[in-house]
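> Following is a predicted model, sequence given first.
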Amino acid sequence: MTSVPALTLYGRAYCHLYDDMKVALEPLRRDFSFTLHEVDVDADAGLEDRFGELVPVLMSGAPADLQDDAKPLCHYFLDAAAVRVWLEAHGAAHTTR
């Protein structure tokens, strides 16, 4: 059985760009099977220092992967094409066609 790929959206609860990116992810969530983790950077001083104003940012992997091999897929606005390519390359199952 293959594992479901994970993405992590780092942002701030009060940021409209964070909300916009979550909404923009919905079509991809309908097309692919993946886990989406949401992390408020203001809840962790280390994340706040790391990301500063560079949020929202969509990263590959789960939050635990941040120090390992997580890579930023897009900042501020969703790059749906880049995320789609990443999901396909990491075995995300298509849920509809």
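In hand now; what should we look at?

> pull the CA atoms of stretch 61-75 into CSV?
Output of stretch 61-75 as CSV, limited to C-alpha atoms (Å, rounded to 0.1, in the frame of the first residue of the first chain):
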residue,chain,number,x,y,z
GLY,A,61,5.8,17.0,3.3
ALA,A,62,4.4,17.0,6.8
PRO,A,63,5.5,19.5,9.5
ALA,A,64,7.9,17.0,10.9
ASP,A,65,9.7,17.0,7.5
LEU,A,66,10.5,20.7,7.7
GLN,A,67,14.1,20.1,8.8
ASP,A,68,14.6,17.1,6.5
ASP,A,69,13.7,17.3,2.8
ALA,A,70,10.7,19.7,2.7
LYS,A,71,10.8,22.1,-0.2
PRO,A,72,8.8,25.2,-0.8
LEU,A,73,6.3,24.7,-3.6
CYS,A,74,4.9,28.3,-3.6
HIS,A,75,4.8,31.5,-1.6
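
> buried ones in that stretch?
With burial defined by 16 or more other C-beta atoms under 10 Å, the residues of stretch 61-75 counted as buried are 61, 62, 63, 66, 70, 73, 74, 75. Where you see a C-beta, it was placed from the backbone N, CA and C, and this is true even at glycine.

> gap between that stretch and the chain center?
Averaged C-alpha coordinates place stretch 61-75 at 8 Å from its chain's average position (C-alpha atoms, centre = their mean, to the nearest Å).

> what residues does it touch?
Applying C-beta atoms under 8 Å, 6 or more residues apart in numbering, the set of residues contacting stretch 61-75 from outside is 6-8, 21, 35, 37, 39, 54-60, 79, 82-83, 86.

> follow-up on the earlier one: can you redo the buried residues of stretch 61-75 as TSV with secondary structure and distance to residue 95?
Written out in TSV, the entries for these read as follows (DSSP: H, G, I helix; E, B strand; the rest coil; distance: C-beta to C-beta, whole Å):
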residue	secondary structure	distance to residue 95
61	coil	20
62	coil	20
63	helix	23
66	coil	27
70	coil	24
73	strand	19
74	strand	21
75	strand	26
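
> Give me the contact list for stretch 3-11.
Against stretch 3-11 from outside (C-beta under 8 Å, 6+ apart): 17-18, 21-22, 25, 33-41, 47, 51, 55-63, 65-66, 70, 73, 83, 86-87, 90-93.
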